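Engineer: quick one, what's the 3D model for this:
(one chain, ligands or ions: 1)
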Amino acid sequence: MTRLNDIMEKHARLLSSKLFLKRRQVEVVLNRSVLAWRDVEKSSRRRSGISNISQTAHSHAALLCEIVAVRKTEDDDQEDTETRRSQKKAKQHSEQHPYALTVSYVRRTRQHQWRCSDATFHCASQGLCEQWIQVINEQLSLFTNRPKSLLVYINPYGGKRQGKRIYEQKVAPLFRRACISADVIVTERANHARDHLKTEANLDKYDGVVCVGGDGMFSEVLHGLVTRTQTDKGVDQNQSEAELVPCSLRIGIIPAGSTDCICFATVGTNDPVTSALHIIVGDSQPMDVCSVHHNNIFLKYSVSLLGYGFYGDVLTDSERKRWLGPARYDLSGIKTFLSHNYYEGTISFLPAEDNMGNPRDKLQCRSGCGVCQHKPSSKDTHCEMSEEKEKSDKDGSRVWSQIRGKFIAINAASMSCACPRSPKGLSPSAHLADGTTDLILVRKCSRLDFLRHLLRHTNKEDQFDHSFVEVHRVQKFRFQPRHHELVSLEDLSDPQKKTGFRPICSTATTCNYTSAHSSWNCDGEILSHAAIQVSVRCQLIRLFARGIEEQQQQQQHQCVLEDLCAPWAPEPDTH
Ligand SMILES: Nc1ncnc2c1ncn2[C@@H]1O[C@H](COP(=O)(O)OP(=O)(O)OP(=O)(O)O)[C@@H](O)[C@H]1O
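Structural biologist: Numbering: from 1, shown residues only. Predicted coordinates for the structure are as follows:
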C-alpha cells in the first residue's frame, strides 16, 4: 500500500500546460521525477497508446534530478539560427508568446559523456511562465545533495597546461548556470592545494572541493582533506591501527592532467563537461582509501594502484625523464621490461571476507554496484582491529597468509585501474568501495611469459590465468623486502650512491644494475620505503561521481520510460 502511495505520489502531475517549443505547440508535464514534453499534433493522432520509446522525434523527457537549472529566457538568449523568412515568422510568434523559460538538462551522448542541453518553452502569459519556473525550482531545491558552494583548485601546469582555460571556458559557465558559487585557487607550487586544505581553508563554507588537474592533483586534495579531517577529530594518522574518520566534503575531479585514471574509473570518461555536470547534480560515489605506513610512520594514501617491482621501476625511471612529457611512460615501460628485474621479499595479507566476491568473478564495479552497496558487517568494517586479534581469529577467512618469493611485480589495485589504454585495467573486477584491494603477485618468470601477461591487459584474455600470477582480494597487507632497507629515497634515485647489494636477475647477462629493492609506486608517486603496511579504509571519501553507468542508454531509457508512462496517463481518479 505504501509503495503504491509512493508511486502515485511520484507520478502525480505537479503542472501541465500547452506551451511552444521552436514554434511547435507541445504538451509539457511535470511530476516529481520527470519533466516531459511532446508535440500536441502528433500526440493527438496517437492518443490510443504511448510509443514505447522514451525519446522519439516528438516526445522528450528529462529526469528532474538531472535538470541543471531553469531560468527566465531573456530576448538575447533566444536562438537566432533561422533564415530571414523564418526569422520574420519567429518574430511574429514571439510577439504572440513573449514569455519564455529555458530548462537546462543533462543529455547523454556517446561513451558515458554528458552534455547540457537547453529547451526553451514559450507562452503568452507571464504568470504561467513564472509559475513553471517557480514549481521547477521548488522541486530542484528538494535535491539537498546538490552543492551550492565549492572550493576549486586549479593546477595550471597539469597535462597540456590547459587547466585554467578548461575551467574558465567549460566548467565555470555551467556552475554559474546552476547557481553554484566557487572560490577558485590557482596553485602556485606543488602541494599548494594540499597544504591549504590541511591548515588554512575554511571548510565550513563549502559543500565540496574540486580539483582541476590530473591524478597528482587529486592526490593532493585527497591528502589535504583526509589529513584535515583527522586533525580536526584528533586522530593520529601515524597510528596504523587508528580508525580514520570519513571526510564529510565530497571531491570533484575536472580532468586536465596527462593521467586522469581516477576520473576515468569513477565517471567512465575523461571529459570536463561531464565531470562538471556530475558535480552539479550532486552525485556521490563512495571510495575506499588505502593508508600506507612504514612501522608507525604514515607515508601516503592510495586509491588506485600500489605497485612494487615493475610499476615502481617504471615510475622511478620516468621521473628522471620528465622533460620527455607523457612519452616518458612508454619509454620507461620498454626499458623496465627489457631490464626484467625481480625482487625478493615476503608478503603477508589478511584476505577479505568470503562474501566480498573475488578478483576473478568477472563482476564489474558499475554505477549502483551491489557489492559496494553491501553494507559491511561490523566484522568487515573493523578494518582497524588489532593484529593479534586477527591472527587468533578462528574464522579461516580472517587468518593472515604469508608468501615468500621472488617477484617481478607486486600490485595492489583498489579499483580496476582501467584507462583508455587498458580498458579493462589491472584488476577488471576490483571495486571502488567494498573495503578491499586486489593483491596481484607476479612471480619470477621468463621475459616472454611476462610479456604475455602484460599483453593480456589490453585484450579479452584473463591476465590472472598464468601459473606465475596469483591474485587475492585482501583487507590489509604487509611487505618486507628480503634485505633490510639501508637506503633512503635520495640514495635510490642516485645510482652513484647505491649500496653494495647485487641485482637479483633472471639472467645476469641481460640485467641492468639495480638495487635489491624496488620502490613502491603509490598512485604515481614514489614511496620512501620498501617495507610497508597497508590497510584499506572502507569508503573513507566520496566523489562527485556515480560510477560507470552500464549500458547507459538502456538504463536511462528504462528509467525515463517508467516515468514517462505516468505524465501522459490520465490523472488518477480521486475516488
Ligand atoms: N602550480 C604548480 N606548480 C608546479 N607543480 C604543481 C602545481 N600545482 C600542482 N602541482 C603538482 O603537479 C603534479 C602533477 O599534476 P597533475 O596531476 O595535475 O598533472 P599531470 O600532468 O597529470 O601529472 P603527471 O605529470 O604526474 O602526469 C602534481 O603532483 C601536483 O602536486
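Engineer: how about the secondary structure of residue 336?
Structural biologist: helix (DSSP: H, G, I helix; E, B strand; the rest coil).
Engineer: pretty sure it contacts residue 317?
Structural biologist: Yes: Residue 336 is in contact with residue 317 according to CB atoms under 8 Å; the separation is 6.1 Å. Bear in mind the C-beta positions are built from the backbone N, C-alpha and C, glycine included.
Engineer: and the residue in the stretch 51-200 of the chain that the ligand sits nearest to, which of the three is it?
Structural biologist: Residue nearest to the ligand within the stretch 51-200 of the chain (CB to the nearest ligand atom): residue 158, separated by 2.8 Å. Using three-state DSSP, the structure places residue 158 in coil.
Engineer: what helix or strand is the spatially most central residue of the chain on?
Structural biologist: For the chain, the residue nearest the mean C-alpha position is residue 266 (2.4 Å; CA atoms, centre = their mean). Here residue 266, judged by DSSP states H and E, is contained in helix 261-267.
Engineer: helix or strand right after that helix?
Structural biologist: Next element after helix 261-267 (DSSP H and E): helix 272-280.
Engineer: show me the contacts for residue 282.
Structural biologist: Applying CB atoms under 8 Å, 6 or more residues apart in numbering, we find residue 282 in contact with 143, 145-147, 544.
Engineer: where does residue 525 land on pLDDT?
Structural biologist: Model confidence at residue 525, given as pLDDT, is 94.
Engineer: and it, how many residues sit next to it?
Structural biologist: Other residues near residue 525 number 17, with proximity taken as other CB atoms under 10 Å.
Engineer: report the contact partners of the closest residue to the residue of the stretch 51-200 of the chain closest to the ligand other than its chain neighbours.
Structural biologist: Closest residue in space to residue 158, ignoring its immediate chain neighbours: residue 213 at 3.7 Å, by CB to CB, 6 or more residues apart in numbering. Contacts for residue 213 were tallied using CB under 8 Å, 6+ apart; they are 153-155, 158-159, 163, 254, 256-257.
Engineer: same check, this time on residue 162
Structural biologist: Taking CB under 8 Å, 6+ apart, one finds residue 256 in contact with residue 162.
Engineer: next one: it relative to residue 174, how far apart?
Structural biologist: As judged by CB to CB, to the nearest Å, residue 162 and residue 174 stand 17 Å apart.
Engineer: swap in residue 266?
Structural biologist: 19 Å.
Engineer: which parts of this protein sit against the ligand?
Structural biologist: Neighbours of the ligand within the chain, by CB under 6 Å from any ligand atom: 155-159, 187-192, 213-217, 220, 257-259, 524.
Engineer: among those, which ones are in helices?
Structural biologist: Among the residues of the chain next to the ligand, the members found in helices (DSSP state H) are 192, 215-217, 220.
Engineer: tell me which of the residues you listed is nearest to residue 246?
Structural biologist: The nearest member of these to residue 246, counting by CB to CB, is residue 220 at 19.0 Å.
Engineer: what's near enough to touch that closest one?
Structural biologist: With CB under 8 Å, 6+ apart, residue 220 has these contacts: 153, 190-194, 211.
Engineer: quick one: buried ones out of these?
Structural biologist: 153, 192-194, 211 (16 or more other CB atoms under 10 Å).
Engineer: let me know the secondary structure of the residue lying closest to residue 418 once chain neighbours are set aside.
Structural biologist: Distances taken as CB to CB, 6+ apart put residue 425 closest to residue 418, at 3.5 Å, once the chain neighbours are dropped. Under the three-state scheme (three-state DSSP), residue 425 adopts coil.
Engineer: run a quick neighbour tally on residue 425.
Structural biologist: Residue 425: 23 neighbours (other CB under 10 Å).
Engineer: can you read off the pLDDT for it?
Structural biologist: So residue 425 comes in at 91 (pLDDT).
Engineer: phi, psi of residue 151?
Structural biologist: Per-residue torsions, residue 151: phi -110, psi 120 (degrees, to the nearest 10).
Engineer: what's across from it in the sheet?
Structural biologist: Residue 151 has these beta-bridge partners by DSSP bridges: residue 183, residue 209.
Engineer: got a list of what it touches?
Structural biologist: By CB under 8 Å, 6+ apart, the neighbours of residue 151 are 182-183, 185, 201, 203, 205-206, 208-210.
Engineer: give me the pLDDT value at it.
Structural biologist: So, for residue 151, pLDDT stands at 98.
Engineer: next: the one 3 residues further on.
Structural biologist: Looking at residue 154, its pLDDT is 98.
Engineer: residues touching it, list them.
Structural biologist: 163-164, 167, 184-187, 212-213, 256.
Engineer: just the buried ones from those?
Structural biologist: 163-164, 167, 187, 212-213, 256.
Engineer: tell me who's in contact with the residue of the stretch 51-200 of the chain closest to the ligand.
Structural biologist: Residue 158 neighbours (CB under 8 Å, 6+ apart): 212-214, 216-217, 256-258.
Engineer: okay, those in JSON lines with pLDDT next?
Structural biologist: Output for these, formatted as JSON lines (pLDDT from 0 to 100):
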{"residue": "212", "pLDDT": "98"}
{"residue": "213", "pLDDT": "96"}
{"residue": "214", "pLDDT": "94"}
{"residue": "216", "pLDDT": "94"}
{"residue": "217", "pLDDT": "96"}
{"residue": "256", "pLDDT": "95"}
{"residue": "257", "pLDDT": "90"}
{"residue": "258", "pLDDT": "84"}
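Engineer: please pick the buried ones from the contacts of residue 282.
Structural biologist: 146-147, 544.
Engineer: let me know the closest of these to residue 417.
Structural biologist: For the buried ones among the contacts of residue 282, the nearest to residue 417 is residue 544 (20.5 Å; CB to CB).
Engineer: quick one: pLDDT of that closest one?
Structural biologist: Here the pLDDT value assigned to residue 544 is 98.
Engineer: make residue 1 into 58 and carry on from there
Structural biologist: Done: numbering now begins at 58, and the last item shifts to residue 601.
Engineer: check contacts around the closest residue to the ligand within the stretch 408-557 of the chain.
Structural biologist: Per CB to the nearest ligand atom, residue 476 is where the stretch 408-557 of the chain lies closest to the ligand, at 11.8 Å. Contacts for residue 476 (CB under 8 Å, 6+ apart) come out as 316, 318, 321, 482.
Engineer: who wins on neighbours among the residues you listed?
Structural biologist: Busiest of the contacts of residue 476 [other CB under 10 Å] is residue 318, holding 27 neighbours.
Engineer: ok, it to residue 472 distance?
Structural biologist: Distance, residue 318 to residue 472, using CB to CB: 8 Å.
Engineer: do the same with residue 93
Structural biologist: For residue 93 relative to residue 472 (CB to CB), the value is 36 Å.
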